[in-house]
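[1] Sequence first, then the predicted structure:
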Amino acid sequence: MAKIGQGDERWIVADREDGTNVNSWHWQEKDAFEWSRERFADLIGAIEFEDGGVRCRCTGVTALTGEAYVNRRKGKIICGYELDLKIGYEGTILDGGKTVTGNVHFPYIADENAGEEHEAKVLAAGEGPDDRKVKEIMRLVALPKMAEGVAKFEKELAKGGPGGEGADPNEAKNASGDKKPGDVQSNAEKERESRTDKTAPLSQKSHTIRITERFYCRPRDVCDALMDGQRVMHFSRSPAQVRPEPGPFMMFDGNIHGETLEYVPGEKIVQNWRFRNWKEGHFSKVTITFREPEPGNCFVDLVQTNVPETDAFDNETVMDTTEVGWKQQIFERIRQVFGYGA
């Protein structure tokens with residue numbers, strides 16, 4: 001364990017003047033949303049086939065919402081995605097030539113369900129017999145093909161998504177000490193080409209945490225657990241000063257503190273938020289929103305931006321500590337203490 005005022009040497013990378021991310025040690029984050037749109041268009045949006053006297057073809061991505069991203073640190077790739085996808089289709093009855101249209105809807109393609117069969121619905125634009133015939137063929141023939149495309153998308157994203165093919169084999173060699181002359185220079189050149197923040201070392205960057213948690217309760221119940229001081233002290237088992245209104249707050253005996261900027265009960269919480277051991281004056285921004293697809297089935301979406309890469313002692317565990325803290329010390333305790341377990 002590091003002494004007070006010193007960093008733990010196990011977590012420190014020597015500063016480099018060129019800011020090179022040697023061996024992908026530092027945390028990198030890349031938005032993969034537009035890449036996802038393009039891959040869905042290629043893998044699913046161009047499917048064509050004939051079956052049962054009908055010629056069917058997918059006409060591309062008609063709607064895509066949500067988010068997708070790829071994080072990389074120490075040569076490891078961590079991807080996250082939660083997407084709502086619609087693919088257009090048209091079917092032509094070969095005996096008669098009539099053409100009908102519709103969409104195939106994948107309402108929830110998410111990393112938490114990777115490798116599983118995703119829910120999909122065929123939505124015909126009309127209600128006539130030809131619409132129903134094409135819809136049934138799309139359901140029986142197209143959906144399995146589209147499921148294969150989604151599975152391939154998930155595998156590609158898990159390997160790095162945009163511009164990535166998984167962990168670089170050279171990184172494993174460097175990590176084990178088997179370095180060749182020029183390896184570091186080659187990585188440095190690649191890093192300079194891919195970076196968008198060429199004016200500062202990556203160690204000076206801030207990062208984003210995204211978490212989705214499920215509770216069996218109403219959104220207001222989770223809000224009360226997070227914003228009522230007595231309930232916060234109950235699940236945290238430590239002093240807290242929190243009020244369900246804009247203003248300063250502190251939790252875990254002051255180890256977490258900041259200011260609530262916006263509070264809409266059951267809908268949204270926005271806070272300036274920091275750990276006590278972060279560099280003086282550095283605050284992240286936490287936005288928590290709530291979804292309730294059906295009564296008693298609540299999803300909590302947290303986005304925390306401007307999270308520092310290091311604390312005041314230059315320990316590089318901030319991202320891991322913060323994310324694990326939310327999951328285990330806050331959300332999991334709320335489930336256990338108040339019986340909202342999912």
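    Yep, it's here. Everything numeric here is computed off the predicted structure, so don't read it as measured data.

[2] where exactly do the helices run in the stretch 1-150 of the chain?
    Listed in chain order, the helices found in the stretch 1-150 of the chain under DSSP state H, counting those that start in this stretch are 33-43, 129-137, 143-158.

[3] Tell me which of those approaches T317 most closely.
    Comparing the helices of the stretch 1-150 of the chain against T317 with Cβ to Cβ, the closest turns out to be helix 143-158 (24.2 Å). (Each C-beta comes from the backbone N, C-alpha and C, glycine too.)

[4] So which other helices or strands are in contact with the closest one?
    helix 33-43, strand 54-73, strand 76-93, strand 99-110 (3 or more Cβ pairs under 8 Å, 6 or more residues apart in numbering; DSSP states H and E).

[5] please redo it, this time with the cut-off set to 10 Å
    For helix 143-158, the packing partners by 3 or more Cβ pairs under 10 Å, 6 or more residues apart in numbering; DSSP states H and E come out as helix 33-43, strand 54-73, strand 76-93, strand 99-110, strand 121-124.

[6] Just give the nearest non-adjacent residue to G126, would you?
    V100 (5.9 Å; Cβ to Cβ, 6 or more residues apart in numbering).

[7] Got the domain ranges for the chain?
    Structural domains annotated on the chain: 29-158, 205-338, as defined by automatic domain parsing.

[8] how about G296, phi and psi?
    Main-chain torsions, G296, degrees, to the nearest 10: phi 90, psi 0.

[9] Would you agree it is in contact with R218?
    Yes: G296 is in contact with R218 according to Cβ atoms under 10 Å; the separation is 6.6 Å.

[10] I'd like to know which of the helices and strands packed on helix 143-158 is closest to E148.
    Among the helices and strands packed on helix 143-158, helix 33-43 sits nearest to E148 (Cβ to Cβ), with 8.3 Å.

[11] angle of that closest one against helix 143-158?
    140 degrees (axes from the mean of the first three to the mean of the last three Cα atoms, to 10 degrees).

[12] same for helix 33-43, what does it pack against?
    For helix 33-43, where contacts count as 3+ Cβ pairs under 10 Å, 6+ apart, the packed elements are strand 54-73, strand 76-93, strand 99-110, helix 143-158.

[13] who does the residue lying closest to V134 once chain neighbours are set aside bridge with?
    What sits nearest to V134 in space, not counting adjacent residues and going by Cβ to Cβ, 6+ apart, is G91, at 3.3 Å. Beta-bridge pairing for G91 (DSSP bridges): C56, V100.

[14] For G91, list the residues it contacts.
    G91 makes contacts with 50-51, 54-57, 98-102, 124, 130-131, 133-135, 137-138, 142, as judged by Cβ atoms under 10 Å, 6 or more residues apart in numbering.

[15] on that earlier part again, neighbour count winner among G296 and R218?
    R218 (17 against 11; other Cβ atoms under 10 Å).

[16] Kindly provide the distance from that one to R291.
    Distance from R218 to R291, counting by Cβ to Cβ, to the nearest Å: 12 Å.

[17] okay, and the common contacts of those two?
    In contact with both R218 and R291: 297-298, using Cβ under 10 Å, 6+ apart.

[18] tell me which residues form a beta bridge with the residue nearest the centre of the chain?
    The centre of the chain sits closest to G80, judged by Cα atoms, centre = their mean, with a distance of 3.5 Å. Judged by DSSP bridges, the bridge partners of G80 are Y69.

[19] Double-check it against F33; I have them as touching.
    No: taking Cβ under 10 Å as the definition, G80 is not a contact partner of F33, at 11.3 Å.

[20] one step back: quick check: the residue nearest to the centre of the chain vs Y69, distance?
    5 Å.

[21] who touches both of these two?
    Joint contacts of G80 and Y69 (Cβ under 10 Å, 6+ apart) are 29, 32, 111, 157, 210.

[22] picking up where we left off before, now list whatever residues contact both of G296 and R218.
    By Cβ under 10 Å, 6+ apart, the residues touching both G296 and R218 are Y340.

[23] Show the pLDDT at P162.
    With respect to pLDDT, P162 has a value of 82.

[24] for it, helix, strand, or coil?
    coil (DSSP: H, G, I helix; E, B strand; the rest coil).

[25] so what does the helix or strand encompassing Q230 touch, helix or strand wise?
    Using DSSP states H and E, Q230 maps to helix 229-236. In terms of contacts (3+ Cβ pairs under 10 Å, 6+ apart), helix 229-236 is packed against helix 219-227, strand 247-251, helix 332-338.

[26] any weak-confidence spans in this structure?
    1-28, 73-75, 163-206, 342 (pLDDT under 70).

[27] Now do the contacts for R39.
    With Cβ under 10 Å, 6+ apart, R39 has these contacts: 32, 45, 61, 68, 149-150, 152-153, 156-157, 161-162.

[28] Please identify, among the residues you listed, the one with the most neighbours.
    A68 (26 neighbours).

[29] And M319, its phi and psi?
    The phi/psi pair for M319 (degrees, to the nearest 10) is phi -60, psi -50.

[30] ok, it to R220 distance?
    Distance from M319 to R220, by Cβ to Cβ: 30 Å.

[31] So which of the two has more stuff around it?
    M319 (20 against 14).

[32] wait, what's in contact with the more buried one?
    So M319 contacts 27, 29, 71, 73, 207-209, 304, 307-310 (Cβ under 10 Å, 6+ apart).
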